[in-house]
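Q: here are the coordinates; sequence isn't available:
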């Protein structure tokens with residue numbers, strides 16, 4: 001698929017897709033071809049690529065949108081909240097990251113195609 005096609009599917013800008021895909025290309029997960037009929041395609045066997053591979057290829061971004069505040073380190077309330085929740089946030093992120101290694105793109109693809117087949121079957125009735 002082209003960056004424009006992927007962007008349309010994800011409701012984002014093609015530039016965002018190209019930037020993201022560049023990291024995946026550098027990790028050898030995808031490859032791109034230029035010209036007519038070109039676009040992005042998988043470079044590795046889906047069964048051998050985990051969400052951990054993708055996460056690392058994208059620079060191991062922050063996973064939890066809600067996080068500990070660091071706006072005012074002199075605020076005693078902020079310090080108390082951070083102290084109370086720091087371990088919980090670390091444990092949640094560690095658990096999520098550990099799960100990434102157990103999920104392959106092949107498993108996600110199989111799940112997606114099963115859902116897609118069911119969706120079309122429901123709409124044919």
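A: In hand now; what should we look at? The structure displayed is predicted, hence computed values, not measured ones.
Q: just the helices in the protein please.
A: With DSSP state H, the ranges of helices along the chain come out as 3-10, 14-26, 51-57, 76-100, 105-124.
Q: Which among those is found nearest to residue 63?
A: helix 76-100 (5.5 Å; Cβ to Cβ). Backbone N, C-alpha and C define where each C-beta goes, glycine included.
Q: re the thing from before, would you tell me which one of the helices of the chain is buried the most?
A: helix 51-57 (a mean of 17; mean count of other Cβ atoms under 10 Å).
Q: Please work out which residues outside that one touch it.
A: Around helix 51-57, the neighbours that count as contacts under Cβ atoms under 8 Å, 6 or more residues apart in numbering are 23-24, 26-27, 29, 61, 97, 99-101, 103-105, 108.
Q: Phi, psi for residue 75 please.
A: Dihedral pair for residue 75: phi -80, psi 120, per degrees, to the nearest 10.
Q: dump the residue contacts of it.
A: Contacts of residue 75 (Cβ under 8 Å, 6+ apart): none.
Q: domains for this structure, by residue range?
A: Segmentation of the chain into domains, based on automatic domain parsing, reads 1-43, 46-125.
Q: do you know how far residue 56 is from residue 24?
A: Distance, residue 56 to residue 24, using Cβ to Cβ, to the nearest Å: 10 Å.
Q: sorry, that was for residue 18
A: 11 Å.
Q: wouldn't residue 30 be in contact with residue 21 here?
A: Yes - using Cβ atoms under 8 Å, residue 30 is in contact with residue 21, at 5.9 Å.
Q: overlap in contacts of these two?
A: Counting by Cβ under 8 Å, 6+ apart, the residues touching both residue 30 and residue 21 are residue 40.
Q: mind checking how far residue 65 is from residue 93?
A: Residue 65 is 12 Å from residue 93, by Cβ to Cβ.
Q: Same check on residue 13?
A: Counting by Cβ to Cβ - residue 13 and residue 93 are separated by 28 Å.
Q: Over to residue 110?
A: Residue 110 is 27 Å from residue 93, by Cβ to Cβ.
Q: Identify the residues contacting residue 48.
A: residue 104.
Q: how many other residues sit next to residue 2?
A: 15 (other Cβ atoms under 10 Å).
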